[in-house]
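# I would like the atomic coordinates for the input below:
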Amino acid sequence: MQTEKKPTTAISVFEGTLERYKQAITNLLGSKYGITPLEFMVKAINAVKKNPELLKCTPQSLYGSILYFAEVGLPFNTPEGFGYILPYKVKGNIEATPIIGYKGLIEMAYRNPKMKSIRIQAVYANDEFEYEYGTTDYIKHKPIVVGDRGALIAVYAVAKLEGIDPLFQVVHKNELDAIQKLSKSGGSDYSPYNNGTDVFNVMQSKVALKLLFKTLPKTDNDTLIKALELDNKFDYEKNTRIRATEDGYEMWEEEQKVSAMEQIDMPKIEVIKSDKFDELKAASANVD
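Coordinates of the predicted model:
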């Protein structure tokens, strides 16, 4: 008796192609992140099923983004909010772009056994707040307990590592606004920047976190430092792309490099808008 053949669907094609990258995922993940290749692939398949617009991305950019998240050992587009793959229209194509969430950066930082604590906070106009950089660095923040805290004026991040004094980084509101304008995710309807879920300004606090982590000793933080550099390229350099290779991924750029910082003859990037992203919006309510 002949068995009925199941119809080929976009997700079944995706699953079959992802299987061909299993060895690359295994090599990139290794055994140091507490997640097996099978678990990572199941999370990847579920994320794409919940966000089918990702299947409209060029295959090279989608699988390249997945392999990038395998290298940093983080699932993407999940309720944990460790990272996202976001689609953008670039010169007629839909390109996948991997962006690490603030929770993903913290997760990576805590892989260093010397990291004792990490804190991010938003500062409002009616809070008591003062800090000083120099030979006697200090930061003091006392939020008001009752009443309106006022408008956002700054964010900061503090990290305590074994053997060194606490490190902190403050970023003021005008600096945050300038950075958001340069960010791809800053213009996305699906980013907590714009979807109404970021009531505690954690997206802005991610900026302070990234600047703070750049000051960490490179020893025991090399993967995190690399992820910070790539995250900045993916989010701020408008012509930076990612694509899969046989054993991993590579970044590539158009012949004429134009970064968001220069803002000259910038290639047009249109954020994908679709009501099919309700799942991503809902997931964002608990993350980044």
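# can you give me the helices for the stretch 1-150 of the chain?
For the stretch 1-150 of the chain, the helices defined by DSSP state H, counting those that start in this stretch occupy 10-20, 22-29, 37-50, 59-72, 102-109.
# tell me which element the nearest residue to Y102 once chain neighbours are set aside is part of?
Nearest in space to Y102, with sequence neighbours left out and distances taken as CB to CB, 6 or more residues apart in numbering, is K206 at 3.8 Å. Where you see a C-beta, it was placed from the backbone N, CA and C, and this is true even at glycine. Here K206, judged by DSSP states H and E, is contained in helix 202-213.
# next SSE after that helix?
Next in sequence after helix 202-213, counting helices and strands by DSSP H and E, comes helix 222-236.
# export that following helix to CSV, keeping only CA atoms.
Extracted as CSV, the C-alpha positions of helix 222-236 are listed here (Å, rounded to 0.1, in the frame of the first residue of the first chain):
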residue,chain,number,x,y,z
ASP,A,222,36.4,37.6,24.6
THR,A,223,33.1,36.1,23.2
LEU,A,224,31.1,39.0,24.8
ILE,A,225,33.5,41.6,23.4
LYS,A,226,33.2,40.1,19.9
ALA,A,227,29.4,40.0,20.2
LEU,A,228,29.3,43.7,21.2
GLU,A,229,31.4,44.6,18.1
LEU,A,230,29.2,42.6,15.8
ASP,A,231,25.9,43.8,17.4
ASN,A,232,27.0,47.4,16.7
LYS,A,233,27.8,46.5,13.1
PHE,A,234,24.4,44.8,12.6
ASP,A,235,22.4,47.5,14.3
TYR,A,236,24.2,50.7,13.2
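# can you state the direction angle for that helix and helix 59-72?
Interaxial angle, helix 222-236 versus helix 59-72 (axes from the mean of the first three to the mean of the last three CA atoms, to 10 degrees): 150 degrees.
# what sits against A151?
Contact analysis of A151 by CB atoms under 8 Å, 6 or more residues apart in numbering lists Y124, A125, K173.
# could I have the buried ones of those as PyMOL selection syntax?
Buried members of those, defined by 16 or more other CB atoms under 10 Å, are picked up in PyMOL with:
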select buried, resi 124+173
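# now do the contacts for G64.
Taking CB under 8 Å, 6+ apart, we find G64 in contact with A96, I242, R243, A244, T245, Y249, E250.
# again, only using 6 Å
I242, R243, A244, Y249 (CB atoms under 6 Å, 6 or more residues apart in numbering).
# ok, it to I242 distance?
4 Å (CB to CB, to the nearest Å).
# who touches both of those two?
Residues touching both G64 and I242 by CB under 6 Å, 6+ apart: Y249.
# count the neighbours of I139 for me.
Residues lying near I139 (other CB atoms under 10 Å) number 16.
# can you pull the pLDDT of the closest residue to it other than its chain neighbours?
Distance criterion CB to CB, 6+ apart; nearest residue to I139, sequence neighbours excluded, is Y131 at 4.0 Å. Note on Y131: pLDDT of 96.
# for Y131, give its distance to E175.
Distance, Y131 to E175, by CB to CB: 15 Å.
# what's the answer for G134, then?
Applying CB to CB, the value for G134 to E175 is 20 Å.
# before we move on, what about I11?
Note on I11: its distance to E175, by CB to CB, is 42 Å.
# more neighbours: these two, which one.
E175 (16 against 13).
# ramachandran angles for the more buried one?
Taking degrees, to the nearest 10, you get phi -70, psi -40 for the backbone angles of E175.
# how much space between it and I25?
Computed as CB to CB, the E175 to I25 distance reads 38 Å.
# same question for I99.
Between I99 and I25 the computed distance is 19 Å (CB to CB).
# if we can go back for a sec, the helix holding K206: how far from the chain's middle?
Distance of helix 202-213 from its chain centroid, counting by CA atoms, centre = their mean, to the nearest Å, is 11 Å.
# and stretch 36-50, by the same measure?
Mean-position distance between stretch 36-50 and its chain equals 17 Å (CA atoms, centre = their mean).
# can I get the CA coordinates of it in CSV?
Extracted in CSV, the C-alpha atoms of stretch 36-50 (Å, rounded to 0.1, in the frame of the first residue of the first chain):
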residue,chain,number,x,y,z
THR,A,36,22.6,21.1,23.2
PRO,A,37,22.5,21.4,19.4
LEU,A,38,19.1,19.6,19.4
GLU,A,39,17.6,22.0,21.9
PHE,A,40,19.0,25.0,19.9
MET,A,41,17.5,23.7,16.7
VAL,A,42,14.1,23.0,18.2
LYS,A,43,14.0,26.5,19.6
ALA,A,44,15.1,27.9,16.2
ILE,A,45,12.3,25.9,14.4
ASN,A,46,9.7,27.0,17.0
ALA,A,47,10.8,30.7,16.7
VAL,A,48,10.4,30.6,12.9
LYS,A,49,7.0,28.8,13.1
LYS,A,50,5.8,31.7,15.4
